[in-house]
Each structure stands twice: as C-alpha cells, then as structure tokens.
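Colleague: how would this look folded up:
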Amino acid sequence: MLKRLFDIFFSFIGLIVLIPLFILISIFIILDSRGGVFYLQKRVGKDNRDFSLLKFRTMRNGSDSGSLLTVGKDDPRITRVGAFLRKYKLDELPQLVNILKGEMSIVGPRPEVRKYVDLYNDRQKKVLTVKPGLTDYASLEYINENEILSKYDDPEKAYIEVIMPEKLELNLNYIKEKSFLTDLRIIFKTLARIV
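Modeller: Next comes the predicted model:
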C-alpha cells in the first residue's frame with residue numbers, strides 16, 4: 001500500500017513539474033523528424049498481462065518492424081533528438097503515466113516485450129509476480145546496454161543467451177529483498193548514474 005501511494009504521489013507531482021520539459025521535448029521531436037511525439041509499445045506486466053508502455057519517440061517511423069533491440073549509439077533508426085533523449089533516459093519519462101495508471105511502479109523489473117518473455121523458464125517467470133518498474137538493479141547494471149550489444153556479432157543471440165538471463169537474476173534478487181528502503185536506494189542510484 002505504501003509503495004502504491006508513493007508511486008501515485010511522485011508520478012503525479014512529476015508529471016506536473018515536468019510539463020514544461022515535456023512541451024520542449026515534444027517540439028524538438030516534431031522539428032527533428034516526421035511522426036508522432038509519443039511511441040506506444042506492447043510490454044508484459046504483472047501477472048503476464050500485456051500493457052502499452054508510453055515513451056517519447058526516439059526512432060524514425062516504421063523502425064519497430066525490424067529488430068526490437070537497438071545496438072550502439074550509431075543505430076541509423078535513431079533520430080538526432082532521440083539519441084540525446086536515450087542518453088539521458090528522458091525518453092522514459094512518459095512512463096510516469098503508466099505508473100499513475102497502476103500498470104507500473106517507480107521501482108521494479110523493467111517490462112519486457114512478449115517475444116522475450118515467452119523464452120522465460122518457470123523460475124524467471126517469477127519476475128512477473130510484481131509490477132514492472134521505471135528503474136531497477138538491471139537498469140543500473142546495463143545502463144549502456146545497446147553499447148554492450150554492439151560488441152557482439154549477433155546482438156540478439158547475445159541478449160537472449162547472456163544479457164537477459166543476467167538481468168533476470170538481478171530482478172529475482174530484487175524481489176527477494178524488496179522493501180521501501182531498497183526502492184529508495186535504487187531511485188537515488190539511478191538519478192546519480194543519469195546525472
């Protein structure tokens with residue numbers, strides 16, 4: 001209950017405070033490339049249910065018809081403004097709406113796309129027993145995930161066989177030790193890493 005109240009309060013305050021920044025980002029996105037300001041992607045949430053994750057659009061229209069992974073800072077699908085937004089994680093800010101709606105929490109395992117969730121084993125599926133979050137241990141560990149993937153000849157294979165299992169282990173550890181203090185620690189670490 002405390003976690004949900006925390007989520008509602010800070011997502012609501014965050015959305016109000018960030019309105020000027022949202023407007024500025026929206027203008028830059030519109031000026032930089034064709035397409036909408038926001039991007040909706042189906043992700044898997046608590047209890048294995050799909051929901052629409054909201055982000056600022058950072059890629060050119062139609063880019064999601066190919067690979068679901070972005071690789072390296074020079075991925076040609078990413079716009080100039082999109083590269084900046086991704087670098088400072090600003091593209092994730094609209095997910096405060098998902099948090100306010102109760103689909104996500106501020107802290108929790110990052111929600112994955114169905115394609116990869118379908119590969120989880122029974123133990124890994126335990127991450128679906130909690131609400132997904134805006135940040136978590138795995139987000140901190142793999143803050144430069146697309147740069148790491150760019151070093152592999154087959155990025156998707158590397159993601160499935162190496163990175164995804166490691167991220168899920170971190171998520172399972174979070175579930176074991178989750179508490180209000182753990183959440184606060186992760187929030188402050190995330191802010192420090194971004195800054």
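Colleague: How many neighbouring residues does Pro94 have?
Modeller: 21 (other CB atoms under 10 Å). Every C-beta, even on glycine, is put in place using the N, C-alpha and C of the backbone.
Colleague: what's it in contact with, if anything?
Modeller: Phe22, Phe38, Leu54, Lys55, Phe56 (CB atoms under 8 Å, 6 or more residues apart in numbering).
Colleague: Sort out for me which of the residues you listed are in strands.
Modeller: Phe38, Leu54, Lys55, Phe56 (DSSP state E).
Colleague: Now the buried members of those.
Modeller: Neighbour-count burial (16 or more other CB atoms under 10 Å) applied to the ones in strands among the contacts of Pro94 gives Leu54, Lys55, Phe56.
Colleague: Show me which of these is closest to Leu69.
Modeller: Lys55 (15.1 Å; CB to CB).
Colleague: Just checking the distance from the lowest-mean-pLDDT helix or strand in the chain to the centre of its chain.
Modeller: Least confident helix or strand of the chain, by mean pLDDT, DSSP states H and E, is helix 145-149 with a mean of 86. Mean-position distance between helix 145-149 and its chain equals 14 Å (CA atoms, centre = their mean, to the nearest Å).
Colleague: follow-up on the earlier one: can you put the contacts of Pro94 in a markdown table and add pLDDT and distance to Arg80?
Modeller: Below are the contacts of Pro94 laid out as a markdown table (pLDDT from 0 to 100; distance: CB to CB, whole Å):
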| residue | pLDDT | distance to Arg80 |
| --- | --- | --- |
| Phe22 | 97 | 19 |
| Phe38 | 96 | 18 |
| Leu54 | 98 | 22 |
| Lys55 | 97 | 17 |
| Phe56 | 97 | 13 |
